[in-house]
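> coords please:
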Amino acid sequence: MTGVSHEVDLLIVGAGPTGLFAAYYAGFRGMSVALVDALPEPGGQVTAMYPEKMIFDVAGFPEVRGRDLVAALVEQADQYAPRYLLGEHAVELSDVDGGLLVGVGDESVRAGAVLVTAGIGEFSPRPLPVGGDWVGRGVVHFIPELSIHSGRDVVVVGGGDSAFDWALALHPVARSVALVHRRSRFRAHPGLVSKVEDLGVPLITPAEVVEIRGDDSGVREVEIEVGGSERRVLPAQTVVAALGFTADLGPIEEWGLELDKRAILVDTTMRTNRPRVYAAGDVAAYPGKVKLIATGFGEAATAVNNIAVELNPEAHLFPGHSSNLT
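Numbering: from 1, shown residues only. Purely as a prediction, here's the structure:
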């Protein structure tokens, strides 16, 4: 770790919805803020996995597209100009006088407190066995921008909700969409499967992709084996490998925090067992916890208000209503 690169009141580890709302709320409480995230853009799992999916359980929105929710949260946080450290990992954590020092990539951040909002942790997509050489040249795991696939033939591989979500979202954009799954039964919600079937999207089962072919410009077609014997070739300029993912907390697991599997144990103030380190959102655990975006928003406010008092004992825990400031 090099010398101190940035100094802030609060370092937020994780730039998903909970982290973004925490950045806004910390700014509202007068704190300087930096957010670090391993992904190259804010939004966390929402941006990476379902930016086009409609979300129905965020207060005040009968429905909101994932991408639009993230954009609104970024706009809200940007009122207080947080510093984004994206495409970087939070690694070592050490105590210094009056705060904490966190290694972020090749840099370091000195912060009065740290709030971990890392969601389910750092997640890695399960690879398509024959797709390794084509990742980034036609084989993708996430689709942050649907329009890139306009006019293309798309093959979605997988049988869970994500696979059917992508098939549903890509159908009005792509020239063709087909879904390939190695089993005849799907893990996806039956209602979602029915929606995709009603659109006429071919659901090819039991089948596996055995070869991907293309040229220097990218993927051109995939060969699949159906029923263990029949071979079929499908046109494809995009192959979506929606095979699930693995997740872990990465270096955070070495920070000496009390864990329950991949979650960080907190008290009612969202404090962890380590001084000046808090957690909120899906990564935080306590009895009766319900993992929802809405829950994370409330936990972010609870954590930030308690951090405000820890950093400045003369501050009030309750800051007053924001509507009273106009």
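> Show the average pLDDT along stretch 71-79.
The average pLDDT within stretch 71-79 is 97.
> swap in stretch 190-207?
On average, stretch 190-207 scores 96.
> Distance from the chain centre to it, please.
26 Å (CA atoms, centre = their mean, to the nearest Å).
> what number of residues lie near the closest residue to Thr272 other than its chain neighbours?
Nearest non-adjacent residue to Thr272, counting by CB to CB, 6 or more residues apart in numbering: Leu257, 5.1 Å away. Where you see a C-beta, it was placed from the backbone N, CA and C, and this is true even at glycine. By other CB atoms under 10 Å, the residues close to Leu257 number 20.
> for Leu257, what are its contacts?
Val116, Ile264, Leu265, Thr272, Asn273, Arg274, Val277, Ala279 (CB atoms under 8 Å, 6 or more residues apart in numbering).
> Any quick PyMOL command for the buried ones out of these?
Paste this into PyMOL to select the buried members of the contacts of Leu257, with burial taken from 16 or more other CB atoms under 10 Å:
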select buried, resi 116+264+272+274+277+279
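> for Val139, which residues make a bridge with it?
Val135, Val239 (DSSP bridges).
> residue contacts, the residue nearest to Met31 when sequence neighbours are not counted?
In this structure, Met31 finds its nearest non-sequential neighbour in Asp9, 3.9 Å apart by CB to CB, 6+ apart. Each residue near Asp9 by CB under 8 Å, 6+ apart is listed here: Ala26, Met31, Ser32, Val33, Ala111, Gly112, Ala113, Leu311.
> Provide the secondary structure category for Asp9.
Three-state call for Asp9 (DSSP: H, G, I helix; E, B strand; the rest coil): strand.
> Got the confidence number for it?
98.
> Against Val222, how distant is it?
Asp9 is 51 Å from Val222, where distance means CB to CB, to the nearest Å.
> Now for the contacts of Leu257: which two are most distant?
Greatest spatial distance in these: Val116 and Asn273, 12.5 Å, computed using CB to CB.
> which ones are touching Ala280?
By CB under 8 Å, 6+ apart, the neighbours of Ala280 are Thr18, Ala22, Leu115, Val116, Thr117, Val266, Met270, Gly296, Glu299, Ala300, Thr302, Ala303.
> would TSV of those residues with distance to Met54, secondary structure and pLDDT be doable?
Converted to TSV, the contacts of Ala280 look like this (distance: CB to CB, whole Å; DSSP: H, G, I helix; E, B strand; the rest coil; pLDDT from 0 to 100):
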residue	distance to Met54	secondary structure	pLDDT
Thr18	19	helix	98
Ala22	24	helix	98
Leu115	28	strand	98
Val116	28	strand	98
Thr117	23	coil	97
Val266	30	coil	98
Met270	29	coil	98
Gly296	18	helix	97
Glu299	24	helix	98
Ala300	23	helix	98
Thr302	28	helix	98
Ala303	28	helix	98
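> what about the helices in the stretch 201-326 of the chain?
When secondary structure is read from DSSP state H, counting those that start in this stretch, the stretch 201-326 of the chain shows helices at 293-311.
> which residues in it form strands?
203-204, 207-215, 218-226, 230-235, 238-241, 245-248, 259-260, 263-265, 277-279, 284-285 (DSSP state E, counting those that start in this stretch).
> quick one: strands adjacent to the first one?
Looking at strand 203-204 with DSSP bridges, its paired strands and their directions are strand 176-180 (parallel).
> Next, the angle strand 176-180 makes with the next helix-or-strand element following the partner strand.
Following strand 176-180 in sequence order, the next helix or strand is helix 190-198 (DSSP states H and E). Orientation check (axes from the mean of the first three to the mean of the last three CA atoms, to 10 degrees): helix 190-198 against strand 176-180 gives 130 degrees.
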